[in-house]
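K.L.:
Mind folding the following:
(one chain, ligands or ions: 1)
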Amino acid sequence: MKHFMSIAAVAAMTVMAAQTAKAEPQAEVLHWWTSGGEAKSVAVLQQEFASRGGVWTDMPVAGGGGDAAMTALRARVLSGNAPTAVQLKGPSIQEWYEEGVLADISAVAEANGWEDVLPANIAGHMKCEGSWCAAPVNVHRIDWIWANADVLAKNGIAMPATWDEFNAAADKLAAAGITPLAHGGQAWQDATVFEAVALGIGGPEFFQKAFVELDMATLKSSTMVAVFDQMRKMRGYVDADFSGRDWNLATAMVMNGEAAFQIMGDWAKGEFLAAGKRPGIDFLCASTPGEGFLYNVDSFAMFAVDGADKQAGQALLAELIVGQNFQKTFNLNKGSIPARTDVALDDFDPCAHASAQDMAASNYGGSLLPSYAHGMALRGAQAGAITDVVTAHFNSDMSSADAVEMLANAVANSL
Ligand code: GAL
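P.N.:
Residues are numbered from 1 along each chain as shown. Have a look, this model is predicted:
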């Protein structure tokens with residue numbers, strides 16, 4: 001097992017953390033936050049970093065869900081020139097740790113009492129063999145449905161509470177000439193809709209068994225066939241031009257009334273808010289039909305780099321990211337809720353309140369689950385194998401039974 005950078009380097013970084021004033025903090029930050037709401041959010045971190053004397057070099061890699069950003073990261077690390085800070089999350093943090101390229105940020109975590117202010121399951125994702133290897137910024141919920149309030153009202157439609165209600169609403173909208181579901185045909189967006197449908201139709205235990213434990217019987221079950229049946233229906237509810245569309249353009253279709261619904265994580269809310277739309281008035285939010293809560297925690301990992309200025313930059317960034325002020329302001333823009341438990345939500349909107357309440361309730365009830373589509377549940381190879389099948393099914397006339405067989409085989413081959 002490879003480890004973090006050497007003890008001497010860790011010690012040097014600890015000294016750096018305590019003496020940031022002596023070196024000008026520098027950070028080259030790789031992230032994929034390029035949409036309107038996302039850019040506004042990451043600007044909060046840039047401003048805080050600058051106000052503490054930091055020099056930020058931006059490395060945005062456009063592409064929702066971060067697939068392109070992760071390809072860029074691999075190229076940089078392979079060429080021996082890792083960025084100082086990288087938007088990285090879930091099991092991929094552990095995968096990079098195992099390659100021996102992450103910096104240990106335990107000194108910052110301990111100095112700032114992260115253990116006391118982060119929920120245990122979130123902290124768990126941020127630790128590598130007991131040491132802190134990433135800093136969490138938020139909790140995004142995936143299983144959301146967003147709607148244009150006017151379009152629903154004009155068509156006499158309420159937010160659907162079951163998939164049958166969703167299908168009935170979608171049929172009615174289609175008959176009225178409105179695109180029922182705004183969607184972008186990119187693999188990660190297909191996967192986002194799929195996991196919300198799977199949670200809703202199969203329930204939390206099914207989700208856990210299928211997409212966390214990769215249980216073969218569950219992957220091959222008749223419930224999974226029903227999930228693909230619903231996906232076939234979803235395919236019929238998107239417009240003809242859905243292929244390749246970016247997620248924020250799909251959100252714009254809901255904003256301007258061209259489409260009624262979008263199933264997307266709550267970064268979509270960041271987009272509505274950045275465009276001046278008001279929750280409950282211009283747009284509506286509700287969890288997708290069914291029980292449970294799919295979480296997606298964004299975080300930053302620091303890569304092992306040389307140079308006191310870069311290491312000071314890493315320590316400062318880590319400190320700011322988990323800081324109370326940043327967690328509030330960033331998340332107000334981003335659509336998510338703070339990862340810290342001690343940030344007051346008074347200034348947050350009703351969708352954020354619903355998210356926080358549902359997260360607490362589902363945590364208590366055992367239905368708080370990691371998003372597979374957003375890299376929280378599985379390692380890259382397994383998640384990729386599932387998504388390939390979801391996308392192949394969505395973009396063809398493959399039967400649900402064939403999709404299920406293909407799914408089980410793809411997962412078995414990825415293990
Ligand atoms: C998610 C990420 C979000 C948001 C989204 C769209 O994976 O966690 O913060 O950026 O992709 O790009």
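K.L.:
how about the strands of the stretch 101-250 of the chain, start to end?
P.N.:
For the stretch 101-250 of the chain, strands defined by DSSP state E, counting those that start in this stretch occupy the ranges 127-128, 131-132, 135-136, 140-141, 144-148, 179-181.
K.L.:
Show residues contacting the last one.
P.N.:
Read it as strand 179-181. Outside strand 179-181, the residues that touch it by CB atoms under 8 Å, 6 or more residues apart in numbering are 169-171, 173-174, 234, 237-239, 253, 258-263. (Glycine included, C-beta is placed from N, CA and C.)
K.L.:
Sheet-wise, list the partners of it with their directions.
P.N.:
Strand 179-181 pairs in its sheet with strand 259-263 (parallel), by DSSP bridges.
K.L.:
one step back: identify whichever of the strands of the stretch 101-250 of the chain lies nearest to the ligand.
P.N.:
Set against the ligand and scored by CB to the nearest ligand atom, those come closest in strand 140-141, at 5.4 Å.
K.L.:
who does that closest one touch, helix- and strand-wise?
P.N.:
Judged by 3 or more CB pairs under 8 Å, 6 or more residues apart in numbering; DSSP states H and E, strand 140-141 is in contact with strand 293-296, helix 350-365.
K.L.:
between the ones you listed, which one is nearest to residue 339?
P.N.:
Among the helices and strands packed on strand 140-141, the nearest to residue 339 by CB to CB is strand 293-296 (10.1 Å).
K.L.:
ok, the closest one near the ligand or not?
P.N.:
Yes - against the ligand, strand 293-296 shows contacts by CB under 6 Å from any ligand atom at residue 296.
K.L.:
Would you pull up how far that strand lies from the middle of the chain?
P.N.:
The chain centroid and the centroid of strand 293-296 are separated by 8 Å, computed with CA atoms, centre = their mean, to the nearest Å.
K.L.:
Helix or strand next in line after it, which one?
P.N.:
The helix or strand immediately downstream of strand 293-296 is strand 299-302, counting by DSSP states H and E.
K.L.:
Tell me which residues touch whichever residue of the stretch 51-200 of the chain sits closest to the ligand, please.
P.N.:
The ligand sits closest to residue 64 of the stretch 51-200 of the chain, with a gap of 3.6 Å, by CB to the nearest ligand atom. Residue 64 is in contact with 32, 35, 184, 186, 188, 189, 246, 247, 248, counting by CB under 8 Å, 6+ apart.
K.L.:
ok, of these, which come out buried?
P.N.:
Among the contacts of residue 64, the ones that count as buried by 16 or more other CB atoms under 10 Å are 32, 35, 184, 186, 188, 189, 246, 247, 248.
K.L.:
out of these, which are inside helices?
P.N.:
Among the buried ones among the contacts of residue 64, the members falling in helices (DSSP state H) are 188, 189, 247, 248.
K.L.:
still on that earlier bit, for the helices and strands packed on strand 140-141, give me CSV that also has mean pLDDT and distance to residue 394.
P.N.:
Converted to CSV, the helices and strands packed on strand 140-141 look like this (pLDDT from 0 to 100; distance: least, CB to CB, whole Å):
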stretch, mean pLDDT, distance to residue 394
strand 293-296, 98, 19
helix 350-365, 96, 27
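K.L.:
Deepest in the core, which of these is it.
P.N.:
Mean neighbours per residue, mean count of other CB atoms under 10 Å, is largest over these for strand 293-296, with a mean of 26.
K.L.:
Quick check: closest non-adjacent residue to residue 163.
P.N.:
Spatial nearest neighbour of residue 163, excluding adjacent residues (CB to CB, 6 or more residues apart in numbering): residue 289 at 5.1 Å.
K.L.:
re earlier: between the buried ones among the contacts of residue 64, which is closest to residue 98?
P.N.:
Of all those, residue 98 sits closest to residue 32, with 22.7 Å by CB to CB.
K.L.:
what residues are up against the closest one?
P.N.:
38, 60, 61, 62, 63, 64, 65, 66, 68, 69, 87.
K.L.:
measure the first one to residue 45 for me?
P.N.:
Pointing back at residue 38 there. The gap separating residue 38 from residue 45 is 12 Å, by CB to CB, to the nearest Å.
K.L.:
Kindly report the same for the last one.
P.N.:
In this structure, residue 87 and residue 45 are 11 Å apart, going by CB to CB.
K.L.:
rewinding a little: can you add pLDDT and secondary structure and give the contacts of residue 32 back as CSV?
P.N.:
Listed next are the contacts of residue 32 as CSV, based on pLDDT from 0 to 100; DSSP: H, G, I helix; E, B strand; the rest coil:
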residue, pLDDT, secondary structure
38, 96, helix
60, 97, strand
61, 97, coil
62, 96, coil
63, 96, coil
64, 95, helix
65, 95, helix
66, 96, helix
68, 97, helix
69, 98, helix
87, 97, strand
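K.L.:
would you list those residues in JSON lines and tack on distance to residue 403?
P.N.:
Converted to JSON lines, those look like this (distance: CB to CB, whole Å):
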{"residue": "38", "distance to residue 403": "32"}
{"residue": "60", "distance to residue 403": "35"}
{"residue": "61", "distance to residue 403": "31"}
{"residue": "62", "distance to residue 403": "30"}
{"residue": "63", "distance to residue 403": "26"}
{"residue": "64", "distance to residue 403": "24"}
{"residue": "65", "distance to residue 403": "21"}
{"residue": "66", "distance to residue 403": "25"}
{"residue": "68", "distance to residue 403": "26"}
{"residue": "69", "distance to residue 403": "29"}
{"residue": "87", "distance to residue 403": "31"}
